[in-house]
Structure formats: structure tokens, C-alpha cells
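1. Got a sequence here, can you build the structure:
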Amino acid sequence: MRVDRINVYSAQLPVKGGVYRMASDDVESLDSTLVEIVTEDGLTGWGETCPIGPVYQPHHALGARAAIAEIAPGLIDAEIASIRLLAKQMDERLNGHGYAKAAFDMAFLDLLGQKLGVPVSTLLGGALTDRVPAYYSLIVGPPDETARIAADKVKAGYPRLQVKIGGRNLEEDVAVVHKVWEAVGYKARIAVDGNRGLTIASAIHLDRLCHAIPFVFEQPCNTMDEVATLKGRVTHPVYLDESTEDQNAVLRAISMGIADGFGFKVTRLGGLTKMTTVRDLCAIRSLPHSCDDAWGGDIIAAACVHLAATVEPRRMEGAWIAQEYIDGHFDRKNPVVIEKGFIAVPQRPGLGVKPEPGTFGKPLATYGFGWRQPITSWASRIVPPHPALSGTQREERQWMMIGPRRSGSVPMSSGSARAACMATMSGTGARPRWRSIARRRCRSRQTMRCRERARSTARMC
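-> Here you go, the predicted model:
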């Protein structure tokens, strides 16, 4: 099973109800990037990455697409068999940018699951349950209103609430924690999430002013070093979230005893495959954690739920999905939904969700042998039109030739391919480096295949 082409889409996800407010930022709409990988035999696998704005983490939508543009050409014709080998190929194309690579990781696992006829949870080690607990996130808001929503969500069946604080005076944050506790008591577990918005002093004050209320303190301060200074100075368990930017950060936090638990984001840690590593590290030390993501639609939601199903239930803090904050689903036939505070684990092969055709409109970009890629608004910033070109020449340059088609597709002679490439070069005065690289890669692949055929023929003789 080999990669035939890769399509990249964008989906705008407006926040239902207006604004999602955190200590660091207010967001009204999210720009999700979706990757569709199509194989030679017609299977399609989907992945998604959706940063919650450019401030929450060092991630943003245009950055994800720029990273995908670097990685995707090198995955064309790749064999989808070893996820670790595919991860190595991505690392050879681009250093870091795990949140972009996570979309490919999801799509590859989706394809493998479909090929083998098993859900992704099976590929991640096997599900321990057929449904996982969800939790509801209460945005930064007035104490009384936050408490009212908290009580409503507990009645709806949510076993855990996350209370957002920070970005305002300490008195209001303390009042919110007390009001929520009075409204729900022991009916739900509470996490108080600072989203890196508190100083060390404010975190210690809030802890002491709420010492009688049982809750976990999630990422109160900006850095892991700041959070480390709270050890022994606060009475509540401290969880890390935003500071867990990669596997090494998680290992450091565990080995140094900085964290009592974690709020993990699938895309931040580089995808489901890398998440299984930190899941197992936490299992060794009996550390609880969540399995969620910053934002996204049904694809990210399905990925989080599959992973959450493989975590020992007593350590599973819940899976957060954006369903409560967005309208509609990518897959209306098999949506990922919260029912009475829990989410059923998809049982169909792969991720178990398949966006309906035309849901995202035309691709922003397509990568593959012989495919022509339109340079869209975000990509035009990388390869801008040359000012000296005429209107016709500028329009011609808005298409990128990736390489010759393989056998079995519509043939394209080397002469016509060369002519097509040169036609886009008229008037530029110089040959862009990326075009030369693309041609060298094509020639390299052709040379390797010729050598393989020659060796096969020699062995037969």
C-alpha cells in the first residue's frame, strides 16, 4: 500500500456561543488543517491539526500548512507499512513541527486500520473499554454564571469539570473556584486550569485560599521551571499541560517529580504513535492524564477517543473534544459525540470517521506524481508571483509540477513534462531551487527503479 497523492484542506470552525476565553487569549473561530492521503488502491486516510490560535502554543494554522508543504512531497510513493519508518522519513524532511506531523500520523494509522480491518485503538495496543469519560471546559467567566453552567453539565452526566482561570484579578479566580465547588461538590472531579496565566506567588495564594476544596491544579505557571518551584509549597496536585511540548519534556517532568499528572494534547506531542510512548511512561509511575487536543473536528476527536480507550480507566482523566463548542460534524453518519458525559469508541476500521465528499471544498494543495498544485493564498506567501511576469505568465506560474506520473495513470512524456516546467519559468530570469530539487528527486527515483529492474533481471538469468 503506497501513497499516491496527498490533499490538504482547510475548515473554519466558529466557536458556538461567541468566544472561547482563556487566560492567554480569546478565540472566536478556529482554522483547522486536514490531510487526506490517497493510496494506489483507492483507500483514503484522514488526519487533522487545529491549533487554538497562535498564542496558546508555538503552533499556528499557516505554520502547519507550511510544514506540510515541506513534508508531503517526500511521502509520495512511500510504503505504508511501518509507522516508525514513515516518522523517520518525515523527520528527514523537516526538523520539529510535531503538530503538523501529527496529521500525517493519524492518516497513516487510519489507512493501516482500514487495510487490516481493525480500529486504530487496536493498533495502539488495544482498547480497555468501549466508552471513555469526557470532561467539560468552563471558560474564564463570572463566578455565578460559571457555577450555573457547572451544575448544568454535572446534571448532563459529565464526571469531570475543567475550570479556566487567569488573566484577571486573583479575587475573581478564587471566587469562581469556591462557587463551582458549592454548585457541584463531590458530584464531579474538578481541575483548575491556569493556562500558564498565574505567577508563582498567585498560584501559591490561590492554593492556600482554596485549600479545603479538592481539585487538581493544571499548568498554573508559564514554564516547567516555574511549576517545579511549587513542589512542596502547594497542597493540591499539580498537572502539566502546555509545558509537555515533546516526549523529552514529559520524561523530564516524570523523572524530576515535577508533575502529579498531565493534560496531554495529541498533536502537540507529534501524533498518536508518540502519545503511546508517554502513555506507557505514565503507566510505569501510575500517573493520571487526559487524552485530548487543543481543538478540531471529528477526525481529531476520533483520534483522542481511540487513544483514551487504551489507557487504564483508573488513570484516565478524560478526553476533551470540541463538540460542545462547534456546530455540525465532518461525518454526519458516524459522528463522534458525547452522550451523558461519555464518548463511545468508534468500532469501524481505522479512525471510524470519514468526511463526506465535498465537505471541505477544493483542496488548498495537492501533492503527487503528475499532479498540478494550485498555489493558494497561504502558499503564495512562500512562492510569490514574479512582478515582471505578464498576466498569462503569472497565471501559468500559479501551478506547480510535482513529477511524472507513474504507470497506470495518464501518461506524460518527459518532453511535455519538461516543457510544462519551463513554461512556468518564462520571464523569471532564474530557475527556483525547489523546481531543480523536484526534478532531481524524480530522476533519482527513476534511476533507482531502473537499477532494481536490472538486478531482478540478473537474478532471473
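
2. Find the helix or strand that residue 175 is a member of.
-> In the assignment (DSSP states H and E), residue 175 maps to helix 170-184.

3. Show me what counts as buried in that helix.
-> Judged by neighbour count using 16 or more other CB atoms under 10 Å, the buried positions of helix 170-184 are 170, 172-181, 183-184. Every residue, glycine included, has its C-beta placed from N, CA and C.

4. start to end distance for stretch 18-28?
-> 6 Å (CA to CA, to the nearest Å).

5. which residues touch the residue nearest to residue 339 when sequence neighbours are not counted?
-> In this structure, residue 339 finds its nearest non-sequential neighbour in residue 157, 7.8 Å apart by CB to CB, 6 or more residues apart in numbering. Applying CB atoms under 8 Å, 6 or more residues apart in numbering to residue 157 gives the contacts 339, 340, 341, 342.

6. Of those residues - the most surrounded one?
-> residue 341 (20 neighbours; other CB atoms under 10 Å).

7. Check what pLDDT that residue gets.
-> Per-residue pLDDT puts residue 341 at 96.

8. which residue packs closest to it, ignoring adjacent ones?
-> Nearest to residue 341 is residue 157, by CB to CB, 6+ apart, at 3.3 Å.

9. Can you pick out the most distant pair from the contacts of residue 157?
-> Farthest-apart pair in the contacts of residue 157 is 339 and 341; separation 7.8 Å (CB to CB).

10. so where's the stretch 101-250 of the chain shaky on pLDDT?
-> Scanning the stretch 101-250 of the chain for pLDDT under 70 picks out no residues.

11. can you give me the helices in it?
-> 120-123, 143-155, 170-184, 200-209, 224-228, 247-255 (DSSP state H, counting those that start in this stretch).

12. Can I get those helices in JSON lines including distance to residue 108?
-> Supplementary listing: these in JSON lines, determined by distance: least, CB to CB, whole Å:
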{"stretch": "helix 120-123", "distance to residue 108": "10"}
{"stretch": "helix 143-155", "distance to residue 108": "35"}
{"stretch": "helix 170-184", "distance to residue 108": "41"}
{"stretch": "helix 200-209", "distance to residue 108": "40"}
{"stretch": "helix 224-228", "distance to residue 108": "30"}
{"stretch": "helix 247-255", "distance to residue 108": "18"}
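
13. and those helices, which is most packed in?
-> Sort those by mean neighbour count, taking mean count of other CB atoms under 10 Å, and helix 120-123 sits at the top with a mean of 24.

14. Output it in PDB with nothing but the alpha carbons.
-> Taking Å, rounded to 0.1, in the frame of the first residue of the first chain, the C-alpha atoms of helix 120-123 are listed here in PDB:
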ATOM      1  CA  VAL A 120      -7.000   2.400  15.400                       C
ATOM      2  CA  SER A 121      -7.300   1.600  19.100                       C
ATOM      3  CA  THR A 122      -6.200  -1.900  18.300                       C
ATOM      4  CA  LEU A 123      -3.100  -0.600  16.500                       C
END
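
15. what are the phi and psi angles of residue 219?
-> When read as degrees, to the nearest 10, the backbone of residue 219 gives phi 40, psi 60.

16. Just list the residues touching residue 265, thanks.
-> 241, 244, 292, 293, 294.

17. ditto for residue 193
-> If you count contacts by CB under 8 Å, 6+ apart, then residue 193 has 137, 162, 163, 164, 165, 218, 219, 241, 263 around it.

18. do the same with residue 176
-> Neighbour list for residue 176: 141, 143, 146, 147, 163, 165 [criterion: CB under 8 Å, 6+ apart].

19. would CSV of the residues you listed with distance to residue 327 be doable?
-> Formatted as CSV, the contacts of residue 176 follow (distance: CB to CB, whole Å):
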residue, distance to residue 327
141, 21
143, 28
146, 23
147, 26
163, 25
165, 27
